[in-house]
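Student: Sequence and predicted structure, then a few things I'm wondering about:
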Amino acid sequence: MQNKKLFSTFVRKMETIKIWNDNPSEDQLQHICSRLEKGDIMIYPTDTLYAIGCDAMNVKAIERICRLKGINPDKTNLSIVCASISQASEYARIDDTGYRLMRDYTPGPFTFLFRASSRLPKAFKGRKTVGIRVPDCNLDLKLVEYLGKPLLTTSVEFDDTDYTVNPSLLAEAYQGRADFLIDGGEGSTEPSTIIDCTDRNPQVLRAGKGKIEL
């Protein structure tokens, strides 16, 4: 009985995958995407903050992230990482103005809010908008291309800046809650700039790392 109790309280150390120079190998891409397809959630670098991510088409993985972050998907905008404007247009209704903004400012540290399309999974149902990211991060773009689907993404949040930027501390903080961490080196402390493109006149909702002229 004692051995069983010890076994039940044992938590396997989170796997850390080191990526050098923002350039994942074929083996790393295959390994990461196979885990995402199984429903695992990851901590990973972006061109802004480190983020929590999963396969955006996996409802159970999305629900796990929402519980982890205390997100109510009925009241909070959910964002996805896409590899291109073309892929983004499958999941969001991008008008001419939004297209021009994305053409001029992506890849980059921006989140564009658009009207959601019907292709998004049921975790997005009831939400009229979706955040679209095409980050200036080769790793993220390669992952989405290899996976063939967007990533659901939400930034890590800590009062202590060290935990925001340090992969080792992030692995410690998310031990037992996320399944693996991609170490891309020290992260940023600035979030993305959010632009609301759901109206004819786009507006900056949050000023962040990205600088934009509307």
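Tutor: Structure received.
Student: and A171, backbone torsions?
Tutor: The phi/psi pair for A171 (degrees, to the nearest 10) reads phi -60, psi -40.
Student: Quick check: which element contains the nearest residue to it once chain neighbours are set aside?
Tutor: Nearest non-adjacent residue to A171, counting by C-beta to C-beta, 6 or more residues apart in numbering: L181, 4.8 Å away. Every residue, glycine included, has its C-beta placed from N, CA and C. Counting by DSSP states H and E, the element that carries L181 is strand 180-183.
Student: show me where pLDDT drops low in the chain?
Tutor: By pLDDT under 70, the low-scoring segments of the chain are 1-12, 126.
Student: mind listing the strands for it?
Tutor: 15-18, 42-44, 51-55, 79-81, 92-93, 110-116, 129-133, 151-155, 180-183, 193-196, 203-206 (DSSP state E).
Student: Out of those, the one nearest P73 is which?
Tutor: When the strands of the chain are compared by C-beta to C-beta, strand 151-155 sits nearest P73, at 10.1 Å.
Student: other SSEs contacting that closest one?
Tutor: Applying 3 or more C-beta pairs under 8 Å, 6 or more residues apart in numbering; DSSP states H and E, one finds that strand 151-155 makes contact with strand 51-55, helix 59-69, strand 79-81, helix 138-147.
Student: can you give me how far the longest one is from the chain middle?
Tutor: With C-alpha atoms, centre = their mean, to the nearest Å as the basis, the distance from the averaged C-alpha position of helix 59-69 to the chain average is 12 Å.
Student: Give me the angle between it and strand 51-55.
Tutor: If you take axes from the mean of the first three to the mean of the last three C-alpha atoms, to 10 degrees, helix 59-69 sits at 160 degrees to strand 51-55.
Student: Could I get the CA-only coordinates of helix 59-69 as CSV?
Tutor: Taking C-alpha atoms only, helix 59-69 is exported to CSV below (Å, rounded to 0.1, in the frame of the first residue of the first chain):
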residue,chain,number,x,y,z
VAL,A,59,-11.4,20.4,-27.8
LYS,A,60,-10.2,18.5,-24.8
ALA,A,61,-6.7,20.1,-24.9
ILE,A,62,-8.4,23.5,-25.2
GLU,A,63,-10.5,22.8,-22.2
ARG,A,64,-7.4,21.8,-20.2
ILE,A,65,-5.8,25.2,-21.1
CYS,A,66,-8.9,27.1,-20.1
ARG,A,67,-9.0,25.3,-16.8
LEU,A,68,-5.2,25.9,-16.3
LYS,A,69,-5.6,29.6,-16.9
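Student: any idea how far D95 is from the most centrally placed residue in the chain?
Tutor: Computing the C-alpha centroid of the chain and ranking residues by C-alpha atoms, centre = their mean puts T153 first, at 2.1 Å. Separation of T153 from D95 (C-beta to C-beta, to the nearest Å): 23 Å.
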